[in-house]
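Q: take a look and give me a structure for this.
(2 chains)
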Protein chains: 2
Amino acid sequence: MCVLFFRERASRSGEKTFVKMQEKHRPVGWGEFWMSDSKISFDEWDGLYADRIMQMRRSAVRDLFAAISRPDVIGLSGGMPDISSLPLDEVAECAKRCVTVEGLKALQYGSSDGRIECRRTVCKILAVQGIEAKPEDMILTSGSQQALDFLGRVFINAGDDIICEGPSYLGALQAFSAYQPRVHCIEMDEDGIRVDLLEQKLQELKSAGRRPKFIYVIPNFNNPSGITMSLERRHLLLELAHRWNIPVVEDDPYGLIRYEGQDLTRLKTLDDQVIYLGTTSKIFAPGLRLAWIVAPHHFLERINLSKQGADLCTSPFNMVLAEHYFNEVNWQAALEVSKTRYRERKNAMLAALEEFFPEDVSWTHPEGGLFLWVSFPPYFDTNQLLPAALEKGVAYVPGTNCYPDGRGTSSMRLCYSFETPEHIHEAISRLASCVQDRMALYRAFREAGALPETASTKHSYRQ
Amino acid sequence: MCVLFFRERASRSGEKTFVKMQEKHRPVGWGEFWMSDSKISFDEWDGLYADRIMQMRRSAVRDLFAAISRPDVIGLSGGMPDISSLPLDEVAECAKRCVTVEGLKALQYGSSDGRIECRRTVCKILAVQGIEAKPEDMILTSGSQQALDFLGRVFINAGDDIICEGPSYLGALQAFSAYQPRVHCIEMDEDGIRVDLLEQKLQELKSAGRRPKFIYVIPNFNNPSGITMSLERRHLLLELAHRWNIPVVEDDPYGLIRYEGQDLTRLKTLDDQVIYLGTTSKIFAPGLRLAWIVAPHHFLERINLSKQGADLCTSPFNMVLAEHYFNEVNWQAALEVSKTRYRERKNAMLAALEEFFPEDVSWTHPEGGLFLWVSFPPYFDTNQLLPAALEKGVAYVPGTNCYPDGRGTSSMRLCYSFETPEHIHEAISRLASCVQDRMALYRAFREAGALPETASTKHSYRQ
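A: This next block holds a predicted model:
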């Protein structure tokens, strides 16, 4: 079924052929999207690998990055920010100054918690978001992805329970999967994670003698759903977490990428016990791999230990570059340009969805961030749609990648940050034609009695 | 006993006081060197942390980096290369060109295996060392420390056996410790790891139904011992590993830092199944955090999966910078300057050791790299010496940090790469006076019958 996609990858990477993985090696819930770059080769170390590596999820986004590098594919799959609005001349001067001003520090090993000068700079970025923090309240990491890995490392024994939103960031699910947790994704409504369902889950786990290690949420413009947690829901979540004494992780890569509506107080501002993750990736450049964890000191000590073992330190060079950029360049002006573009692109996508998509499909209306979430009728399978979509030159993320348990089959994540409004219009038009073909097929099957009758009324993004 | 050191740290970091950790939270074998930055604060998450984090080793080197930032301390502890010979003007131009030439790629997300252009550049560096590799034979990592972490991630289930040299790189021991292995350190002689003892260990494990996951060695100028594995021993090791079908990991950060004797063929050149680790840290700049794993493809697939979960990708910016540096700057000339300095410094250290140290102390004579290893009589404890040494303004790494099991008490690692010959002479003189004080104390105790009689003949670096 995914032959086209594999063939494309195969021809580009020079691999001979696609090798179907044994069932036991497939990541749980990966369904038809799983693929392999394996050559046909005997792996004499097969019995030596750790259990965790057999259970780890592959990142659909990473694999799809490959797909969108084909010039004919319009990429609505990746999560790449548009960095073309960066003042490159100024950035180039910053890069040069990294060496001329303090090259011997920028090019040398650094401390595992990160340069104090850089942490001071991050304090200023946090202040813009209403978060008061001191340099000693944080550790710098090699991107937020590393922070997610450390969360798993510090908290999760194999078989431990953790709570995520449903849907959740696929990179987080992938990072956590290395530590073999049981992930419980709590469904969201338009105000964010359903705290009533969360409490129900906590009760259920308690009855079984279990206590989740943390609650992971993306309150602002959730990846993948685009949903923002309401202020009331934020208070309810913190109250619940406090009552149950469960750490709350606030992943906030998009907090400064709001282009509509009113900024909402961060969980971290409401409760200083929150573990807060921020990054330069969406406000400057993902290529720096520079992010921060702001958290209680006793937790940061554990993170520091993880950091020492994992990579000694984040690149001091990249820290110095960030210091120059955020202190010497008008970064907020550059960000405004990006945000204007994102708003235009989001509106282009919403208009195109309205124009081309069938009545019984719904989608979210984000006020910021890079993504929206499309919900199809329950019978519709977005994994099955993918080969046809790629053949038409459109890439997206099937919803199952955003759940750890096979949910999300009738939904997809669309990213509108990276393509022009014209390309987005064209991509949604192409995608709609694939959708309609497949829906017609479903209807024909249903009318022939080959499929059970399902509701055809407008669905919310909730599955 | 370590009060001075803790007080120093405390006063600099603004912490109130040193809190003695509970015994159960101490890393195994850490002895008196363990320290904490803890404030006196109740950690309400104490029951939530993963087992691994309670068992992880703290890096003495990282903690000592803090100590040597005091201006009065001469640092023989860290493993920092001397980067002052870098042509900074040219590096600054390279940094600028990263943005002007291909900023939109350098500043964006990249692929998890690393830029193809950078991997091509690494192929040229490998060729200088006699290793033939193609770009698809490697994955770039955020420093070799990350490669070590991935080794643990891919191979080690809790309780698995692995083989290291004795002594071994403390950062490797720390990285592996996150995965809770049983580490078997096989003693070395002047030709490297004792293959006879290794085979004995493998037999012993086999009798217990166990099979080690990998053999980790640093054949060139081993950190910490400075010993180079002879060519004959390399062949013997590979033959043994092949016969037992155990992967060999060749960590080679110092291979290009040979300033005496003849270059020896890499294990990777002798056997392409070897997992080879290389880095820019000692031949350009540790601040880039850029390294490579060259390995069989089936293994690289597992590393790629680890990489996706751990940090998505290594900084593309730093890869572009390395490409510019290694392709456009005469990096080998800069390296020659460093190597000349290292040789001078090593000779200064050897001369000072000869001049100041007592007869019954011995040390290695490295032909390259950054370290040498000092062996004291068995009764002598270098952990106990450390506070006095720091008080005199000299930092070193006590030998126990280079073993996972409490061995190494009567040895120390000295780094000669970072200080001037004059400073090294002064440091060894100060250290010798501490050593002599302590030896006089031991002698007095022994003469009073308070300590057992021990050999006072010249000891080899073997404990």
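Q: what about the residue nearest to A:Asn318 when sequence neighbours are not counted, how many residues nearby?
A: Excluding its sequence neighbours, the residue lying closest to A:Asn318 (CB to CB, 6 or more residues apart in numbering or on different chains) is A:Leu288, at 4.4 Å. In short, each C-beta sits where N, CA and C put it, glycine included. The number of residues packed near A:Leu288 is 26, by other CB atoms under 10 Å in any protein chain shown.
Q: A:Met80 now?
A: Neighbours of A:Met80 (other CB under 10 Å): 20.
Q: and A:Asn318, by the same measure?
A: For A:Asn318, the tally of surrounding residues (other CB under 10 Å) stands at 27.
Q: circling back to that earlier point, was I right about the residue nearest to A:Asn318 contacting A:Leu321?
A: Yes - contact criterion CB atoms under 8 Å: A:Leu288 and A:Leu321 qualify, at 6.4 Å.
Q: anything in contact with each of these two?
A: Common neighbours of A:Leu288 and A:Leu321, counting by CB atoms under 8 Å, 6 or more residues apart in numbering or on different chains, are B:Phe317.
Q: quick one, helices of the stretch 301-450 of chain A?
A: In the stretch 301-450 of chain A, the helices defined using DSSP state H, counting those that start in this stretch lie at A:316-328, A:331-356, A:382-391, A:421-447.
Q: what's the closest of these to B:Leu441?
A: helix A:316-328 (41.9 Å; CB to CB).
Q: export that closest one to CSV, keeping only CA atoms.
A: Written as CSV, here are the backbone C-alpha positions of helix A:316-328 (Å, rounded to 0.1, in the frame of the first residue of the first chain):
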residue,chain,number,x,y,z
PRO,A,316,28.8,27.0,23.7
PHE,A,317,29.3,28.5,20.2
ASN,A,318,25.5,28.3,19.6
MET,A,319,24.9,29.9,23.0
VAL,A,320,27.2,32.8,22.2
LEU,A,321,25.4,33.2,18.8
ALA,A,322,22.0,33.3,20.6
GLU,A,323,23.4,35.9,23.1
HIS,A,324,24.5,38.1,20.2
TYR,A,325,21.2,37.7,18.3
PHE,A,326,18.8,38.3,21.2
ASN,A,327,20.8,41.1,22.7
GLU,A,328,22.0,43.0,19.6
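Q: got the angle between it and helix B:316-328?
A: Helix A:316-328 and helix B:316-328 are oriented at 120 degrees to each other (axes from the mean of the first three to the mean of the last three CA atoms, to 10 degrees).
Q: what helices or strands is helix A:316-328 leaning on?
A: Here helix A:316-328 touches helix A:88-106, helix A:116-128, helix B:316-328, going by 3 or more CB pairs under 8 Å, 6 or more residues apart in numbering or on different chains; DSSP states H and E.
Q: any idea of the angle the second one forms with helix A:331-356?
A: Angle of helix A:116-128 versus helix A:331-356, following the same axes, to 10 degrees, is 50 degrees.
Q: still on that earlier bit, OK, contacts around the residue nearest to A:Asn318?
A: A:280-281, A:315, A:318, A:321-322, B:107, B:315, B:317.
Q: reformat those residues as TSV; add distance to A:Ile186 and pLDDT.
A: As requested, the contacts of A:Leu288 are exported to TSV (distance: CB to CB, whole Å; pLDDT from 0 to 100):
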residue	distance to A:Ile186	pLDDT
A:Thr280	30	98
A:Ser281	26	97
A:Ser315	36	98
A:Asn318	35	98
A:Leu321	39	98
A:Ala322	34	98
B:Leu107	36	98
B:Ser315	34	98
B:Phe317	37	98
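Q: got CSV for these, with distance to B:Val99 too?
A: Converted to CSV, those look like this (distance: CB to CB, whole Å):
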residue, distance to B:Val99
A:Thr280, 15
A:Ser281, 17
A:Ser315, 16
A:Asn318, 13
A:Leu321, 9
A:Ala322, 14
B:Leu107, 7
B:Ser315, 13
B:Phe317, 8
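Q: just these now: which is nearest A:Ile257?
A: For these, the nearest to A:Ile257 is A:Ser281 (10.6 Å; CB to CB).
Q: and the helices in the stretch 51-200 of chain A, which stretches?
A: Under the criterion DSSP H, counting those that start in this stretch, the stretch 51-200 of chain A carries helices at the ranges A:51-55, A:60-68, A:88-106, A:116-128, A:143-155, A:170-177, A:195-207.
Q: lowest-confidence stretch among these?
A: Confidence, taken as mean pLDDT, is least for helix A:60-68 of these (a mean of 57).
Q: returning to what we had before: reformat the helices and strands packed on helix A:316-328 as CSV; add distance to A:Ala440.
A: Listed next are the helices and strands packed on helix A:316-328 as CSV, based on distance: least, CB to CB, whole Å:
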stretch, distance to A:Ala440
helix A:88-106, 48
helix A:116-128, 50
helix B:316-328, 43
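Q: identify the residues contacting the residue in the stretch 351-463 of chain A that chain B sits nearest to.
A: Nearest residue of the stretch 351-463 of chain A to chain B: A:Phe418, at 9.7 Å (CB to the nearest CB). Residues near A:Phe418 by CB under 8 Å, 6+ apart: A:75, A:78, A:80-82.
Q: which one of those sits in the busiest neighbourhood?
A: Going by other CB under 10 Å, A:Pro81 tops the contacts of A:Phe418 with 28 neighbours.
Q: what's the pLDDT at that one?
A: Confidence for A:Pro81, expressed as pLDDT, is 95.
Q: hang on, it packs against A:Gly287?
A: No - the pair A:Pro81 / A:Gly287 is not scored as a contact, 10.5 Å apart, by CB under 8 Å.
Q: can you pull the residues of the stretch 201-350 of chain A lying near chain B?
A: Within the stretch 201-350 of chain A, the positions near chain B by CB under 8 Å from any CB of the partner chain are A:211, A:213-214, A:245, A:247, A:281, A:284-289, A:296-299, A:301-302, A:305-306, A:308-318, A:321.
Q: sorry, back to before: please report the distance of the residue of the stretch 351-463 of chain A closest to chain B from B:Lys206.
A: Distance check for A:Phe418 against B:Lys206: by CB to CB, to the nearest Å, it reads 54 Å.
Q: export the helices of the stretch 51-200 of chain A to CSV and tack on distance to B:Asn222 and mean neighbour count?
A: Listed next are the helices of the stretch 51-200 of chain A as CSV, based on distance: least, CB to CB, whole Å; neighbours: other CB atoms under 10 Å in any protein chain shown:
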stretch, distance to B:Asn222, mean neighbour count
helix A:51-55, 28, 17
helix A:60-68, 36, 22
helix A:88-106, 27, 20
helix A:116-128, 34, 18
helix A:143-155, 28, 27
helix A:170-177, 33, 26
helix A:195-207, 49, 15
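Q: wait, which of these is closest to B:Trp45?
A: So among the helices of the stretch 51-200 of chain A, helix A:143-155 is nearest, using CB to CB, at 8.4 Å.
Q: can that closest one be found next to chain B?
A: Yes - Helix A:143-155 comes into contact with chain B (CB under 8 Å from any CB), by way of A:143, A:145-146, A:149, A:153-155.
Q: just the angle for that helix relative to helix B:144-155, thanks.
A: 50 degrees.
Q: and helix A:143-155, what does it pack against?
A: Judged by 3+ CB pairs under 8 Å, 6+ apart, the packing partners of helix A:143-155 are helix A:170-177, strand A:248-251, strand A:275-279, strand A:291-294, helix A:297-311, helix B:51-55, helix B:297-311.
Q: try it again at 6 Å.
A: helix A:170-177, strand A:275-279, strand A:291-294, helix A:297-311, helix B:297-311 (3 or more CB pairs under 6 Å, 6 or more residues apart in numbering or on different chains; DSSP states H and E).
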